[in-house]
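Visitor: sequence plus predicted model, see below.
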Amino acid sequence: MVGSRRLLIKNGVVVVYVVLSVLRWRSHRILRCFDRMASALASVALSAPFARGVPLPENPMVQRIGAGKIHDNRLFKGKAFRRVSMAVSVNVSRFDGVTMAPPDPILGVSEAFRADTSDLKLNLGVGAYRTEELQPYVLNVVEKAEKLMLERGENKEYLPIEGLAAFNKVTAELLFGADNPVIQEGRVATIQGLSGTGSLRLAAAFIQRYFSDAKALISSPTWGNHKNIFNDARVPWSEYRYYDPRTVGLDFDGMVADIKAAPDGSFVLLHGCAHNPTGIDPTPDQWEKIADVIQEKNHIPFFDVAYQGFASGSLDADAYSVRLFVRRGFELLVAQSYSKNLGLYAERIGAINVVCSSPDAGTRVKSQLKRLARPMYSNPPVHGARIVANVVGDPNLFNEWKQEMELMAGRIKNVRQRLYENLSQKDESGKDWSFVLKQIGMFSYTGLNKVQSEHMMDKWHIYMTKDGRISLAGLSLSKCEYLADAIIDSFHNLFTAALLVSKLVRPSKVNV
Ligand SMILES: *[C@@H]1O[C@H](CO)[C@@H](O)[C@H](O)[C@H]1NC(C)=O
Ligand SMILES: *[C@@H]1O[C@H](CO)[C@@H](O)[C@H](O)[C@H]1NC(C)=O
């Protein structure tokens with residue numbers, strides 16, 4: 001009796017086990033089936049709003065009518081997204097299609113520098129001022145202005161979209177000169193920007209919206225971010241010749257020819273002073289001729305002024321090119337940055353100025369710049385704007401600032417001189433290094449190519465961008481000799497190899 005009951009229980013357990021197993025297996029299939037259905041539904045739900053939402057009609061009326069629909073789609077998308085993310089297997093990322101972005105060619109250098117453990121390492125990649133001890137530097141006038149701000153107990157209320165009024169006033173005056181007729185006649189539309197980059201980006205968005213057929217012209221080479229900015233703003237661009245590798249100087253004829261060949265009404269991006277990356281600027285006479293061609297072609301000058309006062313030590317000398325074009329009656333754009341000249345890198349403080357032919361045009365342009373800024377970042381940060389307004393607006397601090405700028409510019413000039421002397425004395429090949437002295441500002445273009453620049457990093461632990469640019473602001477007098485040794489070694493020992501590489505590479509470039 002006991003034995004058969006035991007058998008019965010045992011069989012019962014087996015049956016229940018089998019039934020449960022089958023159910024489990026089926027429910028897996030059912031769940032998987034649900035999974036697939038949900039995924040399919042999700043892709044339909046997600047693709048529909050994107051497909052309809054992306055190509056926004058240009059006509060503002062149509063845009064307004066369309067807005068309701070887009071808003072609905074976004075709600076639907078939000079719900080679908082939530083439901084799907086629960087149903088889809090945890091191990092499948094919705095971001096699987098996102099590829100790895102390449103490191104930034106300039107900021108990536110700093111990352112590589114940080115990873116290097118050698119005592120010899122030197123970071124000449126990023127353009128940031130360092131003291132002779134290679135430490136970051138906060139200007140005395142900045143500390144004084146901040147102390148003043150603290151004493152006044154200023155609040156943290158939002159700024160208007162166009163930024164701090166006191167900042168906008170002094171920044172335009174500093175650039176054009178307070179007594180410039182364009183200021184007196186109220187023909188400049190100035191709005192505070194997120195330093196130079198943000199100001200350029202805003203202007204690029206403005207160009208895209210109001211000059212959709214126009215092209216931008218940028219120098220070859222230029223600061224790498226210029227291309228990114230125009231690309232992201234969907235402004236087509238092409239390059240004009242600028243650098244002549246044979247002389248490590250300006251290819252003036254090429255520059256003029258390319259500006260002449262561009263479609264009429266192009267936006268010509270010009271570096272107001274201390275061209276980045278080459279450190280090579282046109283002479284006053286060449287600026288006049290550049291202005292002639294731009295006028296002849298009905299182009300619009302677009303200046304990037306990142307180093308006013310920092311390049312030469314004089315605010316007026318560094319504003320020469322911009323003021324020349326203004327004097328000649330151009331309508332033009334100027335982006336400004338206070339990262340270098342006031343050392344306010346992380347405060348993201350700068351401005352975009354548009355000089356217009358009438359105060360009325362200025363008012364309208366300003367209203368549209370504000371309209372572009374609002375959905376991008378709403379309104380700009382206040383801290384850096386107050387620092388600039390306090391320093392430039394106060395005669396004592398202003399004078400002190402000018403002295404500090406001369407000091408910074410002077411240190412860079414000294415380092416430049418010392419580097420040149422070391423290069424000339426140590427290099428026995430008789431190569432002419434005088435181009436180092438002709439360049440201005442914080443950068444020097446060494447003429448080293450990619451292979452040679454990589455050798456600087458790999459063998460000498462000297463970090464620089466691969467276009468051969470070095471930041472002299474990150475160099476001390478005591479490191480000049482070491483740097484000169486590295487440059488001479490990289491230049492001569494890799495010269496043949498580099499030639500070979502360029503010969504091997506060139507034919508394939510032609511094919512592409
Ligand atoms: C997730 O996927 C990876 C491969 O894509 C695999 O190696 C891993 O074992 C999976 N993890 C789980 C929990 O399934
Ligand atoms: C080269 O630089 C070193 C410091 O790095 C300096 O002591 C020396 O005087 C320099 N030589 C010349 C010729 O300038």
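Guide: It's in. Small disclaimer: the values here were computed from a predicted structure and weren't measured. Numbering: from 1, shown residues only. Ligands and ions are numbered 1, 2, ... in the order given.
Visitor: tell me which helix or strand comes right after the lowest-mean-pLDDT helix or strand in the chain.
Guide: Across the helices and strands of the chain, mean pLDDT, DSSP states H and E gives its lowest value to helix 60-87, namely a mean of 43. Using DSSP states H and E, the helix or strand that follows helix 60-87 towards the C-terminus is helix 107-115.
Visitor: got the CA coordinates for that following helix in CSV?
Guide: Coordinates of each C-alpha in helix 107-115 appear next as CSV, following Å, rounded to 0.1, in the frame of the first residue of the first chain:
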residue,chain,number,x,y,z
LEU,A,107,41.5,68.3,-27.1
GLY,A,108,42.5,64.7,-27.9
VAL,A,109,46.1,65.8,-27.6
SER,A,110,45.6,66.8,-24.0
GLU,A,111,44.1,63.4,-23.2
ALA,A,112,47.2,61.7,-24.7
PHE,A,113,49.4,64.1,-22.7
ARG,A,114,47.6,63.2,-19.4
ALA,A,115,48.2,59.5,-20.1
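Visitor: what does this protein have sitting close to ligand 2?
Guide: 418, 421-422, 425, 478, 480-481 (C-beta under 6 Å from any ligand atom). Using the backbone N, CA and C atoms, a C-beta is placed for each residue, glycine as well.
Visitor: and Lys121, how many neighbours?
Guide: 16 (other C-beta atoms under 10 Å).
Visitor: return the set of buried residues in the host helix or strand of Arg323.
Guide: Using DSSP H and E, Arg323 maps to helix 320-327. Buried residues in helix 320-327, defined by neighbour count with 16 or more other C-beta atoms under 10 Å: 320-323, 325-326.
Visitor: closest one to ligand 2 out of the residues you listed, please.
Guide: Taking C-beta to the nearest ligand atom as the measure, ligand 2 lies nearest Tyr320 of those, at 30.8 Å.
Visitor: what sits against the closest one?
Guide: 273, 284, 287 (C-beta atoms under 8 Å, 6 or more residues apart in numbering).
Visitor: apart from its neighbours in sequence, what residue is nearest the residue nearest the centre of the chain?
Guide: Most central in the chain under C-alpha atoms, centre = their mean is Asn225, positioned 4.1 Å from the mean C-alpha point. Using C-beta to C-beta, 6 or more residues apart in numbering and skipping the chain neighbours, the partner closest in space to Asn225 is Thr197 (6.2 Å).
Visitor: ok, now which ones touch the one you found?
Guide: Thr197 neighbours (C-beta under 8 Å, 6+ apart): 225, 229, 337.
Visitor: pretty sure it is in a strand, no?
Guide: No. Secondary structure assignment (DSSP: H, G, I helix; E, B strand; the rest coil) places Thr197 in helix, not in a strand.
Visitor: ligand 2 versus that one, what's the distance?
Guide: 34 Å (C-beta to the nearest ligand atom, to the nearest Å).
Visitor: cool, Lys121 as well?
Guide: Lys121 is 16 Å from ligand 2, by C-beta to the nearest ligand atom.
Visitor: Glu406 now?
Guide: For Glu406 relative to ligand 2 (C-beta to the nearest ligand atom), the value is 23 Å.
Visitor: identify the residue nearest that residue in space, chain neighbours excluded?
Guide: Using C-beta to C-beta, 6+ apart, the nearest residue to Glu406 is Gly313, at 4.2 Å.
Visitor: and the one you found, how many neighbours?
Guide: 18.
Visitor: swap in the one 5 residues further on?
Guide: By other C-beta under 10 Å, the residues close to Asp318 number 26.
Visitor: and if you look at Asn298?
Guide: 10.
Visitor: so it touches Pro263, yeah?
Guide: No. Asn298 is not in contact with Pro263 according to C-beta atoms under 8 Å; the separation is 9.8 Å.
Visitor: between helix 320-327 and the helix or strand hosting Asp304, find me the angle.
Guide: Using DSSP H and E, Asp304 falls within strand 300-305. Counting by axes from the mean of the first three to the mean of the last three C-alpha atoms, to 10 degrees, strand 300-305 lies at 150 degrees to helix 320-327.
Visitor: where in the chain is pLDDT low?
Guide: 1-88, 495-512 (pLDDT under 70).
Visitor: what about 80?
Guide: For the chain, applying pLDDT under 80 flags the ranges 1-90, 494-512.
Visitor: now the contacts of Thr197 in JSON lines, with secondary structure?
Guide: Formatted as JSON lines, the contacts of Thr197 follow (three-state DSSP):
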{"residue": "Asn225", "secondary structure": "helix"}
{"residue": "Ile229", "secondary structure": "helix"}
{"residue": "Ser337", "secondary structure": "strand"}
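Visitor: quick check: buried residues in the host helix or strand of Gly384?
Guide: Using DSSP H and E, the element containing Gly384 is helix 383-393. Neighbour counts over helix 383-393 (16+ other C-beta under 10 Å) mark 384-392 as buried.
Visitor: and what of stretch 97-110?
Guide: Result for stretch 97-110 [16+ other C-beta under 10 Å]: buried residues 106, 109-110.
Visitor: so which of the residues you listed comes closest to ligand 2?
Guide: Looking across these and measuring by C-beta to the nearest ligand atom, the closest to ligand 2 is Val109, at 22.4 Å.
Visitor: which helix or strand contains the closest residue to the closest one other than its chain neighbours?
Guide: For Val109, ignoring the flanking residues on the chain, the nearest one in space by C-beta to C-beta, 6+ apart is Gly125 at 3.1 Å. If you go by DSSP H and E, Gly125 is not part of any helix or strand.
Visitor: re the thing from before, need the CA coordinates for the helix holding Arg323. CSV is fine.
Guide: Extracted in CSV, the C-alpha atoms of helix 320-327 (Å, rounded to 0.1, in the frame of the first residue of the first chain):
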residue,chain,number,x,y,z
TYR,A,320,43.6,96.8,-37.0
SER,A,321,42.1,94.6,-39.7
VAL,A,322,38.6,94.8,-38.4
ARG,A,323,38.7,98.5,-38.1
LEU,A,324,40.2,98.9,-41.6
PHE,A,325,37.2,97.0,-43.1
VAL,A,326,34.7,99.0,-41.0
ARG,A,327,36.4,102.3,-42.1
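Visitor: ok, Leu494 - contacts?
Guide: Here Leu494 is in contact with 451-452, 455 (criterion: C-beta under 8 Å, 6+ apart).
Visitor: ok, and the most crowded of those residues?
Guide: Ranked by the number of neighbours (other C-beta under 10 Å), those place Gln452 first, at 23 neighbours.
Visitor: widest-spaced pair of the buried residues of helix 383-393?
Guide: Gly384 and Val392 (12.1 Å; C-beta to C-beta).
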